[in-house]
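1. need the 3D shape of this:
(one chain, ligands or ions: 1)
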Amino acid sequence: MKLEDLIGKRMGISAASARALMLEDRVTVDDVVVRDHHLPVSRFHRISCNGEVLQPGCERIYLMLHKPGGILSATSDAHHRTVIDLIDLPEKADLHLAGRLDRSSTGLVLLTNDGNWSEALTLPGRKVAKTYLVETDRPIPGEAVSRFREGFHFETEGITTLPAELELLTTTRAKVILYEGRYHQIKRMFHRIDGIRLISLHREAIGTIRLPNDLNPGDWRPLSPEEIASVSSADST
Ligand code: URA
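-> You can find the predicted model right below:
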């Protein structure tokens, strides 16, 4: 919403009257005098006029969580525990996930109340790298590396997966880097290679945000300012 519209709505005045107030330096956004009536503002901005608070501005929240197996990547569910159940914050009902993991998968999950920030991570066009460690039920053939790079056609969605990186660590352990996030994507890609099934799937990193070794399964912590800023174009309006 534009600043002039928010002021107009909150004060019950026209946009022209709101602009006049701004030109008299009476309006502040996050405690800074603002004259730009087109400035996009959101519920996160603290907005005042004549010293009276029109909108207090809510706090932006960014968390990482180490998802244990068996927990749903969802905000609510009638039958299963969700990642939100693991968080003890009063504002947790306002959080959403920036990318999901399957129920059996473990590892890094990011949660926020900032929709622009999560979109910068999850919109397909952004091609943010997601790094996983997998263990398979049988040896991974060397040709899997080129198959992952070439992509797999998924009939159901009518798409071909983007080039993905596969690095063999042992005969049955590998690192996978995806630049998208399709339904059961890694499981389905491996299954195309001799019917390989995954014994475990663990997400280590999203972009440059890595799950630290000292964050135990089920635990969470706020992201650091550097981690938040690492997500490009987090304009958070
Ligand atoms: N690919 C999968 O198959 N499952 C996940 O949880 C993530 C990626």
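
2. would you mark the buried spots in the longest strand seen in the chain?
-> Using DSSP state E to define each element, the chain has its longest strand at strand 198-206. For strand 198-206, the neighbour count (16 or more other C-beta atoms under 10 Å) marks L198, L201, H202, R203, I206 as buried. Placement of C-beta: from N, CA and C, glycine included.

3. which residues touch it?
-> Residues from elsewhere that reach strand 198-206 (C-beta atoms under 8 Å, 6 or more residues apart in numbering): 98-99, 101-102, 104-110, 121, 128-137, 172, 175, 186-187, 190, 210-211.

4. can you check stretch 207-219 too?
-> Outside stretch 207-219, the residues that touch it by C-beta under 8 Å, 6+ apart are 64-68, 71, 86, 106-108, 110, 121, 128-129, 203-205, 221, 223, 227, 230-231.

5. looking at those, which are in helices?
-> L121, E227 (DSSP state H).

6. buried only: go through the contacts of strand 198-206 for me.
-> Judged by 16+ other C-beta under 10 Å, buried ones among these: 98-99, 101-102, 105-110, 121, 128, 130-134, 136, 186-187, 190, 211.

7. go back to those and keep what's next to the ligand.
-> L101, D102, S105, I186, K187 (C-beta under 6 Å from any ligand atom).

8. let me have those residues in JSON lines, extended by pLDDT and secondary structure.
-> JSON lines is the format used below for those (pLDDT from 0 to 100; DSSP: H, G, I helix; E, B strand; the rest coil):
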{"residue": "L101", "pLDDT": "98", "secondary structure": "coil"}
{"residue": "D102", "pLDDT": "98", "secondary structure": "coil"}
{"residue": "S105", "pLDDT": "98", "secondary structure": "coil"}
{"residue": "I186", "pLDDT": "98", "secondary structure": "helix"}
{"residue": "K187", "pLDDT": "98", "secondary structure": "helix"}
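
9. which two in those residues are spaced the farthest apart?
-> Across those, the longest distance by C-beta to C-beta is 11.5 Å; it joins L101 and K187.

10. sorry, back to before: neighbouring strands of the longest strand of the chain in the sheet, and parallel or not?
-> strand 106-112 (parallel), strand 130-136 (antiparallel), strand 209-210 (antiparallel) (DSSP bridges).

11. those strands: which one's closest to H80?
-> Checked against C-beta to C-beta, the stretch from the strands paired with strand 198-206 lying closest is strand 106-112, at 14.8 Å.

12. contacts for the closest one next, please.
-> The contact list for strand 106-112 (C-beta under 8 Å, 6+ apart) reads 60-69, 73, 83-84, 87, 95-101, 118, 121, 132, 200-206, 209-211, 217, 220, 223.

13. which residues touch the residue nearest the centre of the chain?
-> The centroid of the chain falls nearest to A98 when counting by C-alpha atoms, centre = their mean (2.1 Å). Residues in contact with A98 (C-beta under 8 Å, 6+ apart) are L110, L111, T112, W117, S118, L121, T122, I206.
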